[in-house]
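*Asks:* I would like the atomic coordinates for the input below:
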Amino acid sequence: MSRSQHGLVLVTGATGYVGGRLIPELLAAGFRVRALTRRPQALSDRSWSDQIEIVDGDADSHDDLLRALADVDVAYYLIHSMRSGPHFESMDRRVALGFADAAKKSGVRRIVYLGGMHPLDGELSPHLESRREVGEIFLQSGVGSIVLKAAVIIGSGSASFEMMRYLTERLPVMVAPTWINTKIQPIAIRDVLRYLVGAAGLPGQINRAFDIGGPDVLTYREMIQRYAAVVGLPSRLIRATPALTPWLASHWVGLVTPVPAGIAKPLVLSLTHEVTAKEHDLEALIPSPEGLIGFDRAVELALQKIRDYDVSTTWTSASYGEAPSDPLPDDPDWAGGDLYVDDRCTVVDATPEMLWRVIEEIGGKQGWHSWRLGWSTRGVLDRIAGGPGLRRGRRDPLSLQTGDALDWWRVEKIVHGSLLRLRAEMRLPGRAWLELISETDDQGRAVFRQRAIFHPQGLLGHLYWRSIVPFHGIVFGGMQRNISELARRGAAPDRQVVDH
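*Replies:* Here you go, the predicted model:
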């Protein structure tokens, strides 16, 4: 076997959609894997976490990169800025240049980068232009680089797939932007992973970009109609209009699908370009014994994963917010400052196991066991403001793991059987957490403790907390009562949801 087949590989973006799926594929192929992440705790619950080396660090830190790239043979660069901040292009450029420099100094043999397919001429959207520039940085770095350029990725949990899925299922009639007629060459996530793994073993002298796409070239309109046919829905009635600008279209997508406008905008802008493969050279170097997966089959595979509750990563796997959470007041390094806490505790006539079961299955389709109208209204307002709202749902209806998105929350910490700590990613003038705790008192009874914690930022933060205090009895008090009642009944939340 070649050196690369037993070499050490580094994966950046390990907590993201593609990175979280690539690592088990690399392990199955016999590679030793190291992951660089700012959030090591987000990998702690993965089934393969004890099979890899995890480096706590930032790809924007030269020292962290040198630590992570030491003795690495192949480095995967799976970092993408999906937000539309004012300086995301310069940040992408800076991080890529730093990564290329550190890889060269560390003697890395190969860089593998997953970018975006784009036309060869004409003005690109800001995000596609940034992807193109990052690819060029690696190709000119002096380290042999493979740049894979993909269009729409079809797989359970991908942002592009979820956007198409919800638009099709929720809108039998739709007025759509003109990009509905743009030609696209989608590719199944399984083929993307096969190419990524295979790229590590390509000869070192290969230093070039490759277009990767599936066997079907379709318009977005055709993709919607074929999705509808696969799931047994009637043909969708679609009318295109130039009145829906990318800005309007992204907000339209944000209201109809779980993908918020901030994430939808770069996806929508990329769909304004015709993105079809100009060559298929990589298939000759990394052939598939069974051929490329077609669009219909890719949809069937994605839906089967969803039905089987076997979605290992989703577009929500990466943190929605840019900044890490502040320390909690019970952490040793808490720096003080104003903190508001709503703390409630109830002795529950149920086993601790049943109480924990109800806690762990909260959110998503089960809801939050309290004032449903209030939660829904706040979710809509958050989406209008560009936040995630409630439509992200859950990765799995029965179990949670650290790093999971849960509606507008992120699982910051979970101790199975006792603690679920959620960090808010909704638009707020401060930082917020919700802790749901299952304990046992001296008499062996289950005790349900619930803490809502808010760290305000500025005067607006203080005013925000004071404005919502009158609703705490309905929201948090109702949640306390209803979760306790569900646990007492021994009822599965999907069968008996108490809602006031």
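
*Asks:* what comes up buried for the helix or strand hosting Trp465?
*Replies:* For Trp465, the host element (DSSP states H and E) is helix 458-468. Neighbour counts over helix 458-468 (16 or more other CB atoms under 10 Å) mark Gly461, His462, Tyr464, Trp465, Ile468 as buried. C-beta coordinates here come from the backbone N, C-alpha and C atoms, glycine included.

*Asks:* residues near the residue nearest to the fourth one when sequence neighbours are not counted, how many?
*Replies:* In this case it means Trp465. Leaving aside its sequence neighbours, Trp465 sits nearest to Tyr340 (CB to CB, 6 or more residues apart in numbering; 4.9 Å). Residues lying near Tyr340 (other CB atoms under 10 Å) number 18.

*Asks:* ok so Tyr227 is a helix residue?
*Replies:* Yes. Assessed by DSSP: H, G, I helix; E, B strand; the rest coil, Tyr227 belongs to a helix.

*Asks:* which residues touch the residue nearest to Trp465?
*Replies:* Ile453, Phe454, His455, Pro456, Trp465 (CB atoms under 8 Å, 6 or more residues apart in numbering).

*Asks:* how about the last one, what does it touch?
*Replies:* With contacts defined as CB under 8 Å, 6+ apart, the neighbours of Trp465 are Tyr340, Gly430, Phe454, Pro456.

*Asks:* let's see it at 7 Å
*Replies:* Tyr340, Phe454, Pro456 (CB atoms under 7 Å, 6 or more residues apart in numbering).

*Asks:* partners of the last one in the sheet?
*Replies:* By that I understand Pro456. Beta-bridge partners of Pro456, counted by DSSP bridges, are Gly430.

*Asks:* verify the stated contact: it with His462.
*Replies:* Yes. With contact defined as CB atoms under 7 Å, Pro456 reaches His462; the gap is 4.9 Å.

*Asks:* of the contacts of Tyr340 - the most surrounded one?
*Replies:* Using other CB under 10 Å as the neighbour criterion, Phe454 leads the contacts of Tyr340 with 23 neighbours.

*Asks:* if I pick that one, what's in contact with it?
*Replies:* For Phe454, the contacting residues are Tyr340, Gly430, Ala432, Trp465, by CB under 7 Å, 6+ apart.

*Asks:* likewise for Asp407?
*Replies:* Contacts of Asp407 were listed using CB under 7 Å, 6+ apart, and they are Gly363, Gly364, Leu390, Arg392, Gly393.

*Asks:* of the residues you listed, closest to Asp281?
*Replies:* Among these, Arg392 lies closest to Asp281 (CB to CB), at 37.7 Å.

*Asks:* which SSE is the closest one in?
*Replies:* Counting by DSSP H and E, Arg392 is part of no helix or strand.

*Asks:* quick check: it vs Phe295, distance?
*Replies:* Distance from Arg392 to Phe295, counting by CB to CB, to the nearest Å: 25 Å.

*Asks:* now do Ile206
*Replies:* Separation of Ile206 from Phe295 (CB to CB): 29 Å.

*Asks:* where do the domain boundaries of this structure fall?
*Replies:* Per automatic domain parsing, the domain ranges recorded for the chain read 3-315, 340-489.

*Asks:* can you name every helix or strand that the lengthiest helix in the chain contacts?
*Replies:* Longest helix in the chain, counting residues (DSSP state H): helix 88-105. Secondary-structure packing of helix 88-105 (3 or more CB pairs under 7 Å, 6 or more residues apart in numbering; DSSP states H and E): helix 62-69, helix 126-139.

*Asks:* quick one: mean pLDDT for the next helix or strand after the longest one?
*Replies:* To tie it back to what came earlier, the one meant is helix 126-139. Note on helix 126-139: by DSSP H and E, the next helix or strand toward the C-terminus is strand 144-150. In this model, strand 144-150 has a mean pLDDT of 95.

*Asks:* cool, and stretch 239-256?
*Replies:* Stretch 239-256 comes out with an average pLDDT of 77.

*Asks:* residues contacting Arg190?
*Replies:* Listed by CB under 7 Å, 6+ apart, the contact set of Arg190 reads Ile293.

*Asks:* which element, helix or strand, includes it?
*Replies:* Assessed by DSSP H and E, Arg190 sits inside helix 189-199.

*Asks:* quick one, the next helix or strand after that helix and helix 126-139 angle?
*Replies:* As assigned by DSSP H and E, the chain's next helix or strand after helix 189-199 is strand 208-212. Taking axes from the mean of the first three to the mean of the last three CA atoms, to 10 degrees, one finds strand 208-212 and helix 126-139 inclined to each other by 140 degrees.

*Asks:* strand 208-212 vs strand 144-150, what angle?
*Replies:* 20 degrees.

*Asks:* parallel or antiparallel, list what pairs with the helix or strand just after strand 208-212.
*Replies:* Sequence order places strand 218-219 as the next helix or strand after strand 208-212, per DSSP H and E. Paired neighbours of strand 218-219 in the sheet (DSSP bridges): strand 183-184 (antiparallel).

*Asks:* need the residues that contact the strand it pairs with.
*Replies:* Residues from elsewhere that reach strand 183-184 (CB under 7 Å, 6+ apart): Ala151, Val152, Val217, Leu218, Thr219, Tyr220, Met223, Glu274, Val275, Thr276.

*Asks:* report the distance from that strand to the chain centre.
*Replies:* Remark: strand 183-184 is offset 24 Å from the chain centroid, using CA atoms, centre = their mean, to the nearest Å.

*Asks:* what mean pLDDT does that strand get?
*Replies:* Mean pLDDT, strand 183-184: 92.

*Asks:* ok, the spatially closest residue to Asn207 that is not a sequence neighbour - contacts?
*Replies:* Nearest non-adjacent residue to Asn207, counting by CB to CB, 6+ apart: Gly144, 4.9 Å away. Contact partners of Gly144, counting by CB under 7 Å, 6+ apart, are Arg109, Arg110, Gly204, Gln205, Ile206, Asn207.

*Asks:* and the gap between the fourth one and Gly107?
*Replies:* Yep, that's Gln205 we're talking about. If you measure Gln205 against Gly107 using CB to CB, the figure is 16 Å.

*Asks:* more neighbours, these two?
*Replies:* Neighbour count, other CB under 10 Å: between Gln205 and Gly107, Gly107 has more, with 12 against 6.

*Asks:* so Glu274 versus Ser160, what's the distance?
*Replies:* If you go by CB to CB, the gap between Glu274 and Ser160 works out to 16 Å.

*Asks:* next: Ile184.
*Replies:* Distance from Ile184 to Ser160, counting by CB to CB: 9 Å.

*Asks:* what do the two both touch?
*Replies:* Common contact partners of Ile184 and Ser160 (CB under 7 Å, 6+ apart): Val152.

*Asks:* more neighbours, the two?
*Replies:* Per other CB under 10 Å, whichever of Ile184 and Ser160 has more neighbours is Ile184, with 25 against 21.

*Asks:* output the below-cut-off pLDDT ranges for the stretch 301-450 of the chain.
*Replies:* Where the stretch 301-450 of the chain drops to pLDDT under 70, the residues are 317-338.

*Asks:* now the helices for it?
*Replies:* 352-360, 372-384 (DSSP state H, counting those that start in this stretch).

*Asks:* make TSV out of those and add mean neighbour count and distance to Leu193.
*Replies:* Listed next are these as TSV, based on neighbours: other CB atoms under 10 Å; distance: least, CB to CB, whole Å:
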stretch	mean neighbour count	distance to Leu193
helix 352-360	21	29
helix 372-384	16	31
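
*Asks:* got a markdown table for these, with distance to Leu406 too?
*Replies:* Output for the helices of the stretch 301-450 of the chain, formatted as a markdown table (distance: least, CB to CB, whole Å):
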| stretch | distance to Leu406 |
| --- | --- |
| helix 352-360 | 10 |
| helix 372-384 | 13 |
